[in-house]
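1. With the input below, show me the fold.
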Amino acid sequence: MTAGPLAGVIVVDLTRYISGPYCTMLLADAGATVIKVEPPGGEHTRHGKPRLGDRDGGPSASFVRVNRGKQSIVLDLKTEDGVAALARLLAKADVLVENFRPGVLARLGLDEVGLERLNPGLVYCTITGFGHSPSGWRDRPAFNLIAELEAGVYWQRDPDSAPEPLGPYVGDLFPGAHATSGIAMALYQRERTGRGARVDIAMFDSMLSFNELACTSSQFLDGRVEDYFAGHFCPSDIYPSGDGYVCLDVVTQEQWCALCDLIGAPELAARPDLADGPGRAGRFDEVIAGPLLGWLAGHDAETAMQRLTAVGVPAAVVRTPGEALCSRQARDRQMVVAVGHAGHELLMPANPIRVQGASRPQRLSAPEAGEHTLSVLTEVAGLTREEVAALTKEAAGAPRQVGAVALIPLRNLTPPQSPTHGAV
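-> This next block holds a predicted model:
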């Protein structure tokens with residue numbers, strides 16, 4: 001096995017919450033060196049509940065689950081020296097990822113033009129609610145629910161029920177995945193051009209793309225919101241079994257005939273009024289529910305799924321998230337990774353992206369706040385130990401001593417003669 005496909009790529013991670021950290025977690029899983037820059041005291045999501053090893057003052061499970069495999073440094077970006085240290089680091093980096101609201105980095109002197117001058121090879125990725133290009137919504141604050149609902153992504157059982165959020169943080173995770181692919185594209189482009197590029201990811205854009213079926217279909221339904229394929233396929237729903245629930249998704253006529261034979265009702269397959277999904281949906285309760293639900297009631301969910309699958313009928317056991325994570329399939333696909341901290345472990349889904357020949361980390365840890373400040377700032381950014389010591393004192397709130405080392409101001413930094421690139 002070789003190193004990950006992004007081995008040698010240095011990523012500076014200024015992200016918080018979920019969307020950005022999820023993106024940089026995927027990059028770390030692929031072998032990139034991800035340097036998470038945290039404020040004094042650490043990113044505030046470290047301190048939520050539940051905590052990993054609460055008695056030991058461990059970080060929150062929310063922080064651990066999206067920050068595995070990263071390095072952490074602490075910089076106070078409210079100070080000139082903190083910003084100057086960040087600039088020294090960015091001059092040596094390949095990628096910068098941040099999910100601040102538009103304008104935050106510009107106020108620190110690190111706008112797009114300044115970053116390009118500092119490091120022409122830098123790939124600069126932003127994840128915001130509504131993007132950086134001019135728009136009426138650009139400066140709005142946004143979390144996942146805002147992006148999801150503005151893009152029409154919600155669950156509604158029937159036209160008379162109130163809209164409900166989907167549940168999983170798709171408004172964070174989908175943009176984070178888009179950011180990962182955008183960064184990979186920009187790195188590949190840099191191999192041809194020698195220059196970095198801006199990657200502008202808007203959570204709203206990602207959710208609009210996620211919702212492409214509903215958005216497109218609404219043009220044929222006078223803008224109505226409904227299940228556009230309700231009744232198009234049938235049986236296609238969740239049904240009770242002897243000990244749980246099973247999902248069936250019958251799409252083709254062959255699958256319908258196989259189902260009828262399996263449940264002991266071959267005569268249903270011969271009826272012309274049940275020859276397509278809409279026909280079956282219209283008469284489901286009257287004709288199909290009895291034999292189907294009766295057959296399912298006589299089987300446990302796992303056996304029902306296996307028998308349905310054996311005759312070519314798509315079926316699934318409806319599992320809890322914990323059951324899915326502990327399933328044989330998840331183990332067979334190496335989709336479970338243990339993330340540790342101070343002797344405690346959290347099992348979580350692994351990176352689903354596979355590149356042939358590349359290694360896949362199986363046991364990882366989340367960093368302590370500032371755990372790698374000294375090594376990163378000296379070995380990567382090129383600061384001296386004295387400069388790092390002065391920075392750490394400032395970050396801890398200690399008063400600066402007369403004659404303390406001051407970093408080169410940002411305005412006096414000169415870009416490298418040629419960008420320092422990691423191997424892609």
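2. For L274, which non-adjacent residue is spatially closest?
-> Once flanking residues are discounted, L274 sits nearest to R280: 5.0 Å by C-beta to C-beta, 6 or more residues apart in numbering. Heads up, the C-betas are built off the backbone N, CA and C, glycines and all.
3. So that neighbour is in contact with E286, correct?
-> No - counting by C-beta atoms under 8 Å, R280 stays clear of E286, with 10.6 Å between them.
4. Of those two, which one has the most company?
-> R280 (22 against 8; other C-beta atoms under 10 Å).
5. hang on, that one in a strand?
-> No - counting by DSSP: H, G, I helix; E, B strand; the rest coil, one finds R280 to be helix, located in no strand.
6. any idea how far L293 is from it?
-> 14 Å (C-beta to C-beta, to the nearest Å).
7. before we move on, what about A269?
-> Taken as C-beta to C-beta, the span from A269 to L293 is 18 Å.
8. Then G152?
-> 34 Å.
9. Quick one: residues contacting the residue nearest to L274.
-> By C-beta atoms under 8 Å, 6 or more residues apart in numbering, the residues touching R280 are 234-235, 256, 274, 288.
10. which two in these are spaced the farthest apart?
-> For the contacts of R280, the maximum inter-member distance is 10.8 Å, found between P235 and L274 (C-beta to C-beta).
11. anything in contact with each of these two?
-> Shared contacts of P235 and L274, counting by C-beta under 8 Å, 6+ apart, come down to 280, 288.
12. Just give the number of residues close to I146.
-> Neighbour number of I146 under other C-beta under 10 Å is 18.
13. Assign a three-state SS to it, would you?
-> helix.
14. gap between it and L377?
-> I146 is 36 Å from L377, by C-beta to C-beta.
15. how about the strands in this protein?
-> For the chain, applying DSSP state E gives strands covering 10-13, 33-38, 71-74, 95-98, 123-128, 198-202, 236-240, 245-249, 315-317, 336-341, 344-349, 363-365.
16. What's the mean pLDDT across the second one?
-> Model confidence over strand 33-38, given as mean pLDDT, is 97.
17. Tell me the strands beside that strand, with direction?
-> strand 10-13 (parallel), strand 71-74 (parallel) (DSSP bridges).
18. so who does E38 touch?
-> Counted by C-beta under 8 Å, 6+ apart, E38 has contacts 72-75, 369-370.
19. can you rerun that using 6 Å?
-> 72, 74, 369 (C-beta atoms under 6 Å, 6 or more residues apart in numbering).
20. for the last one, what are its contacts?
-> What it means is A369. 38, 42, 72, 74.
21. ok, so of those, who is nearest R190?
-> S72 (26.3 Å).
22. How many residues are close by the closest one?
-> Counted with other C-beta under 10 Å, S72 comes out at 23.
23. Likewise for T193?
-> T193: 10 surrounding residues under other C-beta under 10 Å.
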